[in-house]
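> Have a look at this prediction, sequence included:
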Amino acid sequence: MLFRCRILATRWRNPENGWSVLAAKVDGEPGTVSLVGFFPEMAEGETVDVEGDWTEHPKYGRQIKATSFKPVETRDADGVRRFFASGRFRNIGQARAAAIADHFGPDAVEILKADPGRIREVPGIGRRYVAAFVEDWEALGSSRDVLLLLTAAGVGAATAQRICGAYGNNAMAVLRDDPYLLCEEVWGVGFAIADRIARSLGTDPLDARRQTAAILRVLGEATGEGHLFLRRDPLLARARDLLAKNTPFENEADAADFLERIVDALPGTLDETERERKTVRVDDAVYLPRLYRCEKRVAEWALDAMRREVPGGDPRELAETLRRWEASESIELDPCQREAILKACGSALFVLTGGPGTGKTTTLRGVVALLRAAGRRILLAAPTGRAAKRMTEVISLEAKTIHRLLEYDPVGNLFGRNADNPFADCTLVVDESSMIDVPLMASLVAALGRGCSLMLVGDADQLPSVGPGTLFRDLLECPQVPSARLDVIHRQGADSEIPVNAMRIHRGEMPEANPDDAKANFHLRYVRRAEEARELLVRLVTEEIPARFGVDPMRDVQVLLPMHKGILGTESVNEELQRRLNSASPPFRSGDLELRRGDRVMQQKNDYDHNIFNGDLGTVAGFDPRSGKVQVDFGELVELDAKEMRDVKLAYACTIHKSQGSEYPVVAIALDRSHAKMLQRTLLYTAVTRAKSHVFLIGTREAVAQAVRHEPTERRNGRLSELLASGNEFFSYLRD
């Protein structure tokens, strides 16, 4: 739906990503309407056309959720008013800015540039404000014209200041020469903002730089969707839509033909020394250069590893060592596990997969035991801190996050371990490898010297990595890559229902539960509405599960949900669980969070200064009102200031995506048709397989059936399996 909105006020805005809550007057709607979405800084009185839909927030009621917006062209005087009301001038708010625009008109800047003291002529600006204004005016110096141009184009004050800071005295020259450079060189400036600036400067809509910027924007969006490249025709279609949405063409056919000629002229494969190219085309696949290099590096390393022989000892001696290990551990491996262990020890690259209960951990322990017996140096790693911690516990060797292993430097955004400083003569074992994207894998293999081996362990049926590519599945699908799939479920008795139902979900069958079995560990409750599911979920977590199984709901029960928003979203459910489970201690605020001592929280990003990592769970231990720092127990007590606490969220409930790489004693999952866009088989499978002892699945039968039935058919674009299957023939083509 299209809404014309006049902005009344900004109620809240996240300066880091632009997520805003605005008060607006909407044409055809009575009163004030809440408008939510990603916006630049919006001035009071600014008019925008918004694409979006009405939504119902459980706490704030009816509001418009914006998917895109376009500023409505305004008179120059309005740009002048926004410039003076932007907060750059002391004592000048909306009313006085409007008075300046009314008094001097659209030539206000030129008039005040000649004599800033004339500000005293404006009604309502007294003598005591003149000196401050003149001082602020002079302080702007050469950036004044740039700021005015940007403000008139609808660019927010903070973004405009970043642009000026990036280019200094050259800012105006850069804007006039190529405003689309801002998309690449200034954080927070996307195609829409650069395009608005270009339009204000009279840039031709058919300017080749504009078409190229649109192509880069579309490729960037595709990367966020998990693709390593886009095919020519989908790229053209999306670029045309983006260009037309911002500035409709007078002749659509000519514009489309012009864009096609630009795409067809894109350069093909590139040499490692060529860093200036913005795109790479291989046949009809168009890449961003960084992703092209990453995919190529992974494929080259894997091909080399598959050709290498690994000195692993005599096969009969290995088999005998394995039998002795089985006896010492009182373990009886199945034939597939035994074959996988022996094969892994003799391969420079090996991939192991299997569902819950199929013995991946036992197989991994067997591999490590044989390698240690052979005197091999072993490194252990995992994508998340929790997965690394669990790996340390079951293998009895220290495991690190991949970033820690590679000695990541967050300041320089570089890895200390790389091709110039690689590991030597070791076997690296990485768990939860389905979470690894192609760029991270490229960094990982770059740090492995030629005497190193790599074993990847994971569950290929879980959700794919957040980043681009389907690395783990691609390696498994390539018959040339040594691999093994474990499919025998070893858990017996009461413990078997979780892996059995996980396998049912994976096959596209509905999960089953026996409500009369007191020893059951998979529990299924169907409801009719989201409100009923929420009420049952909260009651289970706060009352029934602790009473029935004697577990601590604050520590042992994890709620998993598909989404952040809505009545069954993590934000709303976290607030309710916090109120029900932890309302005794007095609250305090840290940024947007209301916290209490004892609250369960989760770290959202890697924090190397405090040695805490994305997905780590902690407990709020205290708050120092003088310093504003929060003490959080992540196994070790850390103190986090307000800025650092932006990366910490309540974690009574978390999204299923965020739970990857973690295990919890008890998992409670709620699904509803309001989650329709997210409901798919891999999502539900991932949620169920996070539980160690009990799963509670709650929701409408329709929502569960949709999740089970929906297997995504669209594959992510990548060529890794093709590269590996084609081997030297394909790489000789790439190097030509």
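Yes, it's here. Keep in mind that what you see is a predicted model, and the values were worked out from it rather than measured.
> Looks like residue 426 contacts residue 381 (just checking).
No - using C-beta atoms under 8 Å, residue 426 makes no contact with residue 381, being 11.3 Å away. (Each C-beta comes from the backbone N, C-alpha and C, glycine too.)
> Those two: which has the busier surroundings?
residue 381 (23 against 18; other C-beta atoms under 10 Å).
> any idea which element residue 135 lies in?
helix 127-140 (DSSP states H and E).
> same thing with residue 615?
Using DSSP H and E, residue 615 falls outside every helix and strand.
> Is it correct that it is in contact with residue 663?
No - at 11.3 Å, residue 615 does not count as touching residue 663 under the criterion of C-beta under 8 Å.
> Kindly point out which residues are neighbours of both of those two.
Jointly contacting residue 615 and residue 663 under the rule C-beta atoms under 8 Å, 6 or more residues apart in numbering are residue 386.
> between these two, which one's more packed in?
residue 615 (24 against 16).
> need the contact list for the more buried one.
384, 385, 386, 387, 602, 603, 658, 659, 660, 661, 662.
> The residue minimising distance to the centre of the chain in helix, strand or coil?
The chain has residue 466 as the residue nearest its centroid, 6.1 Å off, counting by C-alpha atoms, centre = their mean. Classification of residue 466 using DSSP: H, G, I helix; E, B strand; the rest coil returns coil.
> Was I right to think it contacts residue 437?
Yes - in this structure residue 466 lies within contact range of residue 437 using C-beta under 8 Å: 7.0 Å.
> how about stretch 476-486: buried residues?
Going by neighbour count (16 or more other C-beta atoms under 10 Å), the buried part of stretch 476-486 is 476, 478, 481, 482, 483, 484, 486.
> And that stretch, how far out from the chain middle?
Centroid separation for stretch 476-486 versus its chain: 28 Å, with C-alpha atoms, centre = their mean, to the nearest Å.
> contacting residues around it?
302, 306, 336-337, 339-340, 343-344, 347, 349-355, 358-360, 363, 460, 475, 720-721, 724-725, 727.
> Narrow these to those that are buried.
302, 306, 336-337, 340, 343-344, 347, 349-355, 358-360, 363, 460, 475, 720-721, 724.
> List the ones among those residues that fall in helices.
Counting by DSSP state H, the buried ones among the contacts of stretch 476-486 place 302, 306, 336-337, 340, 343-344, 360, 363, 475, 720-721, 724 in helices.
> Looking at those, which one is closest to residue 147?
Among these, residue 720 lies closest to residue 147 (C-beta to C-beta), at 46.8 Å.
> ok so, going back, how about JSON lines for the ones in helices among the buried ones among the contacts of stretch 476-486, with pLDDT and distance to residue 103 added?
Listed next are those as JSON lines, based on pLDDT from 0 to 100; distance: C-beta to C-beta, whole Å:
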{"residue": "302", "pLDDT": "94", "distance to residue 103": "70"}
{"residue": "306", "pLDDT": "90", "distance to residue 103": "76"}
{"residue": "336", "pLDDT": "94", "distance to residue 103": "84"}
{"residue": "337", "pLDDT": "93", "distance to residue 103": "84"}
{"residue": "340", "pLDDT": "93", "distance to residue 103": "81"}
{"residue": "343", "pLDDT": "92", "distance to residue 103": "83"}
{"residue": "344", "pLDDT": "92", "distance to residue 103": "79"}
{"residue": "360", "pLDDT": "91", "distance to residue 103": "75"}
{"residue": "363", "pLDDT": "94", "distance to residue 103": "80"}
{"residue": "475", "pLDDT": "94", "distance to residue 103": "69"}
{"residue": "720", "pLDDT": "92", "distance to residue 103": "65"}
{"residue": "721", "pLDDT": "88", "distance to residue 103": "68"}
{"residue": "724", "pLDDT": "88", "distance to residue 103": "71"}
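> Give the other helices and strands that the helix holding residue 135 contacts.
Packing contacts for helix 127-140, counted by 3 or more C-beta pairs under 8 Å, 6 or more residues apart in numbering; DSSP states H and E, involve no helix or strand.
> Quick one: name whatever helix or strand follows it.
With DSSP H and E, the next secondary element past helix 127-140 is helix 143-152.
> Send me the next helix or strand after that following helix as CSV with only the CA atoms.
Once the chain leaves helix 143-152, the next helix or strand it forms, by DSSP H and E, is helix 157-167. The C-alpha coordinates for helix 157-167 follow below in CSV (Å, rounded to 0.1, in the frame of the first residue of the first chain):
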residue,chain,number,x,y,z
ALA,A,157,22.2,15.7,9.7
ALA,A,158,24.3,12.8,11.0
THR,A,159,24.7,11.3,7.5
ALA,A,160,25.6,14.7,6.0
GLN,A,161,28.2,15.2,8.7
ARG,A,162,29.8,11.8,7.9
ILE,A,163,30.0,12.8,4.2
CYS,A,164,31.7,16.0,5.0
GLY,A,165,34.0,14.3,7.5
ALA,A,166,35.0,11.7,4.9
TYR,A,167,36.0,14.1,2.2
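> pLDDT (mean, whole number) over helix 157-167?
Per-residue pLDDT over helix 157-167 has a mean of 79.
> and the helix or strand just after it, how far from the chain's centre?
The helix or strand immediately downstream of helix 157-167 is helix 171-177, counting by DSSP H and E. The chain centroid and the centroid of helix 171-177 are separated by 33 Å under C-alpha atoms, centre = their mean.
> Tell me the helices and strands packed up against helix 171-177.
For helix 171-177, the packing partners by 3+ C-beta pairs under 8 Å, 6+ apart are helix 143-152, helix 157-167, helix 181-185.
> Enumerate the positions of the longest one that are buried.
To tie it back to what came earlier, the one meant is helix 157-167. In helix 157-167, counting by 16+ other C-beta under 10 Å, buried: 157, 159, 160, 161, 162, 163, 164, 166, 167.
> and the angle from that helix to helix 127-140?
Using axes from the mean of the first three to the mean of the last three C-alpha atoms, to 10 degrees, one finds that helix 157-167 and helix 127-140 are set 40 degrees apart in direction.
> Show me what helix 157-167 is packed up against.
helix 143-152, helix 171-177.
> With mean pLDDT and distance to residue 679 as added columns, please give the ones you listed in JSON lines.
Shown next, in JSON lines, are these (pLDDT from 0 to 100; distance: least, C-beta to C-beta, whole Å):
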{"stretch": "helix 143-152", "mean pLDDT": "73", "distance to residue 679": "43"}
{"stretch": "helix 171-177", "mean pLDDT": "86", "distance to residue 679": "45"}
